[in-house]
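K.L.:
no sequence for this one, just the structure:
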């Protein structure tokens, strides 16, 4: 597999943000949430006084999906990624975990957004 994007931010962060999966912008910079959605998120956080650099930022699936379509990733592969995500987040000090989107919600056992 290629296009792996590691998590970023301090492990002692109080807030953890969990996105779906990286896209081209993230894989080219090897950082989560640096594309247009990440820029908008950081702007909104700034408006309410949250420094995104102090948040732990990750994705439910750490690889850019084929054609940026998470539905093309096999379910078993996603399930393994979700288990890894749970272990990863257990290593943080986050007391607030913010899942952003369907895939992130599904990683925590929810059906997703309907």
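P.N.:
Now that the structure is in, tell me what you want to look at. Just so it is clear, the structure is predicted and the values come from calculations on it, not from any experiment.

K.L.:
need the longest helix for the chain.
P.N.:
Ranked by number of residues, the top helix in the chain under DSSP state H is helix 75-90.

K.L.:
hmm, who's touching that helix?
P.N.:
Helix 75-90 has contacts (C-beta atoms under 8 Å, 6 or more residues apart in numbering) with 7, 16, 18, 56, 58, 60-62, 70, 97, 103, 106-107. C-beta here means a position set from N, CA and C on the backbone, and glycine is covered the same way.

K.L.:
tell me which residues in the helix or strand following that helix are buried?
P.N.:
As assigned by DSSP states H and E, the chain's next helix or strand after helix 75-90 is strand 96-99. Neighbour-count burial for strand 96-99 flags 97, 99 (criterion: 16 or more other C-beta atoms under 10 Å).

K.L.:
may I see the buried residues of the very next helix or strand once past strand 96-99?
P.N.:
Counting by DSSP H and E, the next helix or strand C-terminal to strand 96-99 is helix 102-107. Buried residues in helix 102-107, defined by neighbour count with 16+ other C-beta under 10 Å: 102-107.

K.L.:
between those residues, which sits nearest residue 43?
P.N.:
Of all the buried residues of helix 102-107, residue 104 has the smallest distance to residue 43: 19.8 Å, by C-beta to C-beta.

K.L.:
wait, the closest one sits on residue 61?
P.N.:
No - Residue 104 is not in contact with residue 61 according to C-beta atoms under 8 Å; the separation is 9.4 Å.

K.L.:
anything in contact with each of the two?
P.N.:
Listed contacts common to residue 104 and residue 61 are residue 20; contacts here mean C-beta under 8 Å, 6+ apart.

K.L.:
coming back round to it: out of the contacts of helix 75-90, which is nearest to residue 41?
P.N.:
Lowest distance from residue 41 to the contacts of helix 75-90 (C-beta to C-beta) belongs to residue 18, with 12.0 Å.

K.L.:
just confirm that closest one is within a helix.
P.N.:
No - assessed with DSSP: H, G, I helix; E, B strand; the rest coil, residue 18 is strand; it does not lie in a helix.
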